[in-house]
Each structure stands twice: as structure tokens, then as C-alpha cells.
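# below is the structure, and that's it, no one-letter string:
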């Protein structure tokens, strides 16, 4: 048999890639909740620690500098949380902003402790620090895989989104599937997540990944493009069925940015056909999507749109809580209350007019909550992360070709930033995993764009 006629050899995956796939599967199954007492938290964090031990013993030595700003932002986050657990002298602690009302709580069993950490709720802050083992494990595992294995990650993540969508559709059909690893509400369409807003965001991320998978380099988009259109349609309809109002916003944004990510490749493919064929094709795709959405609405299956029309009081509750949040921000500025402390801190200031059977577990605006928990240091870290995302995205989108994965990372992070205006998706292990992968993709594209831009800079000089 000649060398040209030999069958393709099986590519043996690396140990780091196998570990990463296990972590992705664990995050998908158990990482859909943000509450510390969810069963999935124990499983996910244990898996992350075992992954770090396994990678340290049998995996390749990671080159941390490849992660660049991503690693420094992650280490800065971990360092800030741990810093809030450092004990301070009682006199210094009492002088911090907002601690006046808590001085009576320093007496324990008739004794006054001499030292107290900056965090008002040290146990919750310790839990916040422990949660960061998940993105650390994803970072180390991803840095250890080969380049060919990196190209498989968008398809793997897209597969997880598709499986989650199918579970959501089962829930919508009345099958009664509930994830025992998260604190989901029975009868709610939320896939493997505890929160339907987080589920809808995951579907929107799928709207970005589907075009990237279809126009992956070295593949024929003619075969994959129709499948990608069908996947986007499925994800959009699933968002409508979820009942998430914020999901409508991120869903539209995800579909639009998904097209923009592969815009150059899409235009190159469309140039092969006459203009009337292209116009007819675009009208057909748009008509199918609009038709299915209209059919969903007319059949009373678009729960998200129904919740937009019907005022259920959730948005009113969040708006009524805003003055309390701003007052707390002012009271505890600039040191903050400690990460994870929002629930008890808000309860201390919650007026009787806001009391109801359910409790306000988060600010439902992660930007405000980070500034409340982390104070000035948290605000600066958040500003640095957003600033890096903006600069790296600019460089990734500046180069004309070869950066679809980096642009997808930029678009995914944008979706999570927008969703964080209404909720707290980044506090779930699954979204921590997605954020880390997207940030690493964007960082790779930013470095590549700087190398590609060097010849042009030389010509200008």
C-alpha cells in the first residue's frame, strides 16, 4: 500500500486534553449552581483539585506566560479574596467603613477577639476563594494541550450547549427532568442550570459557537452551514421557551455576533454564487427563523416573551432594591464587605417593605455586587478585566482572517458581561469554565494579531 493510500492515523489525545474534557463534563453536569450548599459544588471542586494533582504528577509543565493577562487577572482575583481573610487588629478593623454597627458582634462568649478579618462574613469569603479552583484547573489543563487539540474545543463546547438545550426541551415538554446536583426549581426550563437566565445565556453562547464550528478552517462549510443554521434556530427557540427575559437580549446579541465572527469567511463563500442566489438564500434563512419564532409565539410556547408582556414583579423588586444597594455601596466604600457576603449584609439593611417569602440572594447586577464586596480594589480589578477585554478584542477584530476562535472568545465574554447586568452567571462553575476558555482564546488571538501587524507597522515607518 502506497503512503498516499494509507488510512488516516488515529490522533492520540494528550493527558491534559483528557483531563480538560473530564472537567468540562463535570462542569456541564454539576456546575450549574452558584449556591455554596449545592451538591454539585463539592463534586466540581473535588474534580478540579484531583485534576490539578494529576496534571502536576503526569501532565506537561504549563508555560504560564502564554496565558499573559488572563493569568494575572485570575491571580489578582484570588489574591484579593485571600487578602480579605487576613486577620486585622480589632482597633484597625473597627475603624473600617461600615463596621460601627457590627462592633457588638465582636463579643463571642463574653470575650472580645483581638483580631478580625476584613470580610464581614469570613466563611462566605473562604467559599469564594475555594470556588476559584475551577478556573485555575481549566487554565492549567488548557495550557497543557496541543494546538490541534485547541481547535477541537469550540466543537466540544458546542456539543455541551446542544445537550443542555435538549434537556431544556425535555423539561419544556413536561418530562420533569431535574438536576440533583443544582438547586433548580421543579418545572422550570433551565437545562442543567439552577437559573433559567444562566441557561438562556448558555444557549446564546451556542449561537456564537455554531457559525465558528461551521466555518472552521480545513472544513467544508457547505455541509456544516445548514446544520449551524438549524442549531442557531434551536437555541433561539429554546431561549424563548425558557422564560428568561434577559435571555431575549443575549440571544439576539449572540446570533448577531456569531455571524460577525465568521463574516469574512461567510462573504468569501457567498461570492461563489450569483447575487440573486445569495439574496434568496438570506431571505430564506431569515424567513425560516422569523417563521418559527412567530409560530412559537402564536402557539403560546414563547414563555420569555410572555414574561416580558406580563409583569411578575421580579423587575419591580430589583428596582426597589437599588436604593438599598447604593446606600450599602456608600456605607462600606472603599474597603467593601468581603466576597460572598451580599446575602447577610443586605438582610441587615433590608426594609420591611421588601420582605417576602423568597430572599434576595444576589444584587442581580454583578458589577454592583463586585464593587460592594470588593470595594475600591474590586472595582479596579473589574475595570482592568473589562479594559483588557476591550483592548484584546480590538486587536483580534482588527486582523482580517484566521482569528475566528479569538473573536468567538471576545463575543462570548461580551454576552457574559451583558448578562451580568441583570444576573450573576459568572458565579457558577460552568460559566467560570466558559469564561476561562473564552479568555484564553481571546488572548491567543491578541498575541497573533500583534505579530501579524508587525509587517504593516514596518511599512508605515
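The structure has been received and is ready for your questions. All of these numbers come straight from a predicted model, not from anything done at the bench. Residues are numbered from 1 along each chain as shown.

# quick check: residue 181 vs residue 29, distance?
In this view, residue 181 and residue 29 are 7 Å apart by Cβ to Cβ, to the nearest Å. Where C-beta positions appear, they are placed from N, C-alpha and C, glycine not excepted.

# need the residues touching each of these two.
Common neighbours of residue 181 and residue 29, counting by Cβ atoms under 8 Å, 6 or more residues apart in numbering, are residue 40.

# the strands in this structure, which residues?
For the chain, the strands defined by DSSP state E cover 87-89, 115-117.

# all helices of the stretch 301-450 of the chain, in order?
Assigned by DSSP state H, counting those that start in this stretch, the helices in the stretch 301-450 of the chain fall at 303-309, 314-332, 342-349, 366-398, 404-419, 429-460.

# tell me the most buried of the ones you listed?
Comparing the helices of the stretch 301-450 of the chain by mean neighbour count (mean count of other Cβ atoms under 10 Å), helix 404-419 comes out on top with a mean of 24.

# now do the nearest residue to residue 368 once chain neighbours are set aside, the pLDDT please.
Distances taken as Cβ to Cβ, 6 or more residues apart in numbering put residue 325 closest to residue 368, at 5.6 Å, once the chain neighbours are dropped. The model reports residue 325 with a pLDDT of 88.

# surely residue 325 touches residue 373?
No. Counting by Cβ atoms under 8 Å, residue 325 does not reach residue 373; the two are 11.7 Å apart.

# one step back: what sits against the residue nearest to residue 368?
By Cβ under 8 Å, 6+ apart, the contact set of residue 325 is 346, 363, 365, 368, 372.

# name the nearest residue to the first one, sequence neighbours excluded.
Of all residues beyond its chain neighbours, the one nearest residue 346 is residue 360 (5.6 Å), with distances taken as Cβ to Cβ, 6+ apart.

# for that neighbour, phi and psi?
When read as degrees, to the nearest 10, the backbone of residue 360 gives phi -90, psi 90.

# how many other residues sit next to it?
Using other Cβ atoms under 10 Å, residue 360 has 19 other residues around it.

# next, work out how far apart it and residue 85 are.
Distance, residue 360 to residue 85, by Cβ to Cβ: 25 Å.

# again, but for residue 211
Using Cβ to Cβ, residue 211 is found at 44 Å from residue 85.

# the residue lying closest to residue 83 once chain neighbours are set aside - how many residues pack around it?
Excluding the flanking residues, the one nearest residue 83 by Cβ to Cβ, 6+ apart is residue 118, at 7.4 Å. By other Cβ under 10 Å, 21 other residues sit near residue 118.

# wait, doesn't residue 118 sit right on residue 94?
No. Counting by Cβ under 8 Å, residue 118 stays clear of residue 94, with 11.9 Å between them.

# so residue 161 is in contact with residue 235, correct?
Yes. The criterion here is Cβ under 8 Å, and residue 161 meets it with residue 235 at 7.1 Å.

# for these two, indicate the residue with more neighbours.
Each of residue 161 and residue 235 has its neighbours counted (other Cβ under 10 Å); residue 235 has more, 30 against 25.

# show me what contacts that one?
Residue 235 makes contacts with 161, 165, 203-204, 206-207, 210, 251, 254, as judged by Cβ under 8 Å, 6+ apart.

# distance check, it against residue 81.
According to Cβ to Cβ, residue 235 and residue 81 sit 34 Å apart.

# ok, residue 258 next?
With distances taken as Cβ to Cβ, residue 258 is found 34 Å from residue 81.

# who has more neighbours, those two?
More crowded of residue 258 and residue 81, by other Cβ under 10 Å: residue 258, with 27 against 24.

# burial count for the nearest residue to residue 156 once chain neighbours are set aside?
Spatial nearest neighbour of residue 156, chain neighbours left out: residue 24 (6.4 Å); criterion: Cβ to Cβ, 6+ apart. Using other Cβ under 10 Å, residue 24 is surrounded by 22 other residues.

# cool, the one 5 residues further on as well?
Applying other Cβ under 10 Å, we find 19 other residues in the vicinity of residue 29.

# state the distance from the nearest residue to residue 146 once chain neighbours are set aside to residue 405.
Excluding its sequence neighbours, the residue lying closest to residue 146 (Cβ to Cβ, 6+ apart) is residue 14, at 5.9 Å. Using Cβ to Cβ, residue 14 is found at 19 Å from residue 405.

# one more: residue 146?
Taken as Cβ to Cβ, the span from residue 146 to residue 405 is 15 Å.

# now do residue 136, the pLDDT please.
With respect to pLDDT, residue 136 has a value of 97.

# which residues does it contact?
Taking Cβ under 8 Å, 6+ apart, we find residue 136 in contact with 48, 52, 74, 78.

# then residue 49?
By Cβ under 8 Å, 6+ apart, the contact set of residue 49 is 133, 137.

# I figured residue 422 hits residue 197, correct?
Yes. Distance between residue 422 and residue 197: 6.8 Å, which falls inside the contact criterion (Cβ under 8 Å).

# find residues that contact each of those two.
Common neighbours of residue 422 and residue 197, using Cβ under 8 Å, 6+ apart, are residue 246.

# give me phi/psi at residue 98?
When read as degrees, to the nearest 10, the backbone of residue 98 gives phi 80, psi 0.

# quick check: residue 433 touching residue 23?
Yes. Counting by Cβ under 8 Å, residue 433 does reach residue 23; the two are 7.0 Å apart.

# overlap in contacts of these two?
134, 138.

# how about the contacts made by the residue nearest to residue 83?
By Cβ under 8 Å, 6+ apart, the contact set of residue 118 is 83-86, 88, 93, 96, 335-336, 338.

# in PyMOL, how would I select the buried members of the residues you listed?
Those of these that count as buried under 16 or more other Cβ atoms under 10 Å are selected in PyMOL with:
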select buried, resi 84+85+93+96+335+336+338
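
# any idea how many residues pack against residue 263?
Applying other Cβ under 10 Å, I find that residue 263 has 14 neighbouring residues.

# which residues of the stretch 51-200 of the chain score low on pLDDT?
Scanning the stretch 51-200 of the chain for pLDDT under 70 picks out 101-113, 175-176.

# can you pull out the helices in it?
Going by DSSP H, counting those that start in this stretch, the stretch 51-200 of the chain shows helices at 69-83, 90-94, 122-131, 133-143, 147-150, 153-172, 196-214.
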